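*Asks:* Provided below for reference: sequence and predicted model.
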Amino acid sequence: MHWCTGIPSSSGRKDTVKKILLVDDSRTTLLMERMMLEKRTPYQCITATNGLEAVEKAQTETPDLVLMDVVMPQMNGFEACKRIRENEKTREIPVILVTTRGEESYMEAGFQSGCNDYVTKPINGPDLLKLLQSYLSE
Amino acid sequence: MTANSFGRSIGDPMGSCLTEKAGGNPRATEDLQDPRPDAARKRLCECTDQRDACEAIREIVSNLLGCEEMALFQLDGKHKQFLLIWSFGIEPKTCHLEELLSQPALSVVIAGEAYIVDGFGETQKGRGQHGRAFVPIQFKGETAAVLVLLRLLPQKVMIDELDRELFAVLSREAGKPLFSGAPSYPARRERKR
């Protein structure tokens, strides 16, 4: 278990804290993701509740990864992912889409929007952690 | 500090939200390292009224459990009929409540246990069209309502130990925000989003 937010490593070097932008209109999902990440990883979490807010926060906060729901009000995850890819400042940020929709057509639409990975709900905590770590490990 | 019939401490509702473990395995959540039951418990504890409680139930069942068809029925004092409080994604008449009113389902639910029928949560291949789960919602030591869940999402292949723990959390924690003080509102139906 990791509890090392900003704590110097044994070599004396201060670890760089990775930042994850969590995007979901469900309070329950955001709560679950935050609880999992803050309890078991050194990652810093920031949140947004729709695609528009996610695009804005991706630019202002420049997170190391975006974990984003698809079906959301104002702007869905596909459109938000496209806009993140179109912006020079955010185009390299890994985006993982999360949704209850597991149909192939949805997955194709997700990858066409530029996402790096596509995860279906219900989220399996340990599996998601491994996936995030695969993108965020040095 | 006293304890009610479910063994939950009274007087520290928010604190108990994150420390209580469900069922007979007090370390289940920690051992499996999955935050879903704790998140569900905390979300329900934060509910302010019945409407918020229904939204929390929908989010928990849809996002944490993997089912997008549900309805909530209040149970009358004599356990003879169910009154619709709220539904999401289904027509309430498709819940087959007549089955719930028969034995052994009724006695199981009244006793506070979830009752699962017709392959709900079994393997994809064996999943029946009429698979359902009846989850009792407890309030003041009694079953006050029943949450009926229909088809699981296609990618959800089985009901596991953590899902059963989610049933237990819903059963214990949803009753208070649903029925304590906050005014109820007319029965309503919501479509899938």
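*Replies:* Everything's here; your move.

*Asks:* Do you have the strands of chain A handy? List them.
*Replies:* A:19-23, A:44-48, A:65-69, A:95-99, A:117-120 (DSSP state E).

*Asks:* I'd like to know which of the ones you listed is closest to A:Phe78.
*Replies:* strand A:95-99 (7.7 Å; CB to CB). All C-beta spots, glycine's among them, are computed from the backbone N, C-alpha and C.

*Asks:* Which neighbours in the sheet does that closest one have, and how are they oriented?
*Replies:* Using DSSP bridges, strand A:95-99 pairs in its sheet with strand A:65-69 (parallel), strand A:117-120 (parallel).

*Asks:* for the chain, what are the low-confidence residue spans?
*Replies:* You didn't pick a chain, so chain A it is. A:1-15, A:138 (pLDDT under 70).

*Asks:* I was thinking of chain B, sorry if that wasn't clear
*Replies:* B:1-33, B:79, B:95-96, B:99-101, B:103, B:118-131, B:181-193.

*Asks:* how about the strands in it?
*Replies:* Under DSSP E, chain B gives strands at B:70-75, B:82-88, B:115-117, B:132-139, B:142-149, B:188-190.

*Asks:* Let me have those strands in TSV, extended by distance to A:Asp117 and mean neighbour count.
*Replies:* TSV is the format used below for these (distance: least, CB to CB, whole Å; neighbours: other CB atoms under 10 Å in any protein chain shown):
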stretch	distance to A:Asp117	mean neighbour count
strand B:70-75	29	23
strand B:82-88	28	21
strand B:115-117	32	18
strand B:132-139	31	24
strand B:142-149	29	21
strand B:188-190	30	13
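
*Asks:* Make a markdown table out of these and add distance to B:Ser62.
*Replies:* Putting those into a markdown table (distance: least, CB to CB, whole Å) gives the following:
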| stretch | distance to B:Ser62 |
| --- | --- |
| strand B:70-75 | 8 |
| strand B:82-88 | 8 |
| strand B:115-117 | 18 |
| strand B:132-139 | 14 |
| strand B:142-149 | 10 |
| strand B:188-190 | 11 |
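
*Asks:* closest to A:Val55 out of those strands?
*Replies:* That would be, of the strands of chain B and by CB to CB, strand B:188-190, which comes in at 27.8 Å.

*Asks:* how about the residues of chain A that lie near chain B?
*Replies:* A:26-29, A:31-32, A:35-36, A:39-40, A:71, A:100, A:102-103, A:120-126 (CB under 8 Å from any CB of the partner chain).

*Asks:* Of those residues, just the buried ones, PyMOL syntax please.
*Replies:* This is how PyMOL selects the buried members of the residues of chain A next to chain B, with burial counted by 16 or more other CB atoms under 10 Å in any protein chain shown:
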select buried, chain A and resi 26+27+28+29+31+32+35+36+40+71+100+102+120+121+122+123+124+125
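
*Asks:* taking the residues of chain A next to chain B one by one, which sit in helices?
*Replies:* A:Arg27, A:Thr28, A:Thr29, A:Leu31, A:Met32, A:Met35, A:Met36, A:Lys39, A:Arg40, A:Gly125, A:Pro126 (DSSP state H).

*Asks:* Report the contact partners of A:Pro63.
*Replies:* With CB atoms under 8 Å, 6 or more residues apart in numbering or on different chains as the criterion, the residues that contact A:Pro63 are A:Lys19, A:Ile20, A:Leu21, A:Ile46, A:Lys57, A:Ile93.

*Asks:* follow-up on the earlier one: just the strands paired with strand A:95-99: most buried one?
*Replies:* strand A:65-69 (a mean of 26; mean count of other CB atoms under 10 Å in any protein chain shown).

*Asks:* And stretch A:72-81, how far out from the chain middle?
*Replies:* 14 Å (CA atoms, centre = their mean, to the nearest Å).

*Asks:* now the end-to-end length of that stretch.
*Replies:* 13 Å (CA to CA, to the nearest Å).

*Asks:* Now do the buried residues in that stretch.
*Replies:* A:Met72, A:Met75, A:Asn76, A:Gly77, A:Phe78, A:Glu79, A:Ala80, A:Cys81.

*Asks:* Closest to chain B out of those residues?
*Replies:* Nearest to chain B among those, counting by CB to the nearest CB, is A:Met72 at 9.2 Å.

*Asks:* I'd guessed the closest one sits against A:Asp24; true?
*Replies:* Yes. The pair A:Met72 / A:Asp24 is scored as a contact, 7.2 Å apart, by CB atoms under 8 Å.

*Asks:* Contacts only, for A:Met32.
*Replies:* Counting by CB under 8 Å, 6+ apart, A:Met32 touches A:Ile123, A:Gly125, B:Pro35, B:Arg36, B:Ala39, B:Ala40, B:Asn63, B:Leu64.

*Asks:* so which of these would you say is closest to B:Gln155?
*Replies:* A:Ile123 (11.3 Å).

*Asks:* can I assume the closest one is in contact with A:Glu33?
*Replies:* Yes. With contacts counted by CB under 8 Å, A:Ile123 reaches A:Glu33, the gap being 7.5 Å.

*Asks:* Having no further points to raise, I will conclude here.
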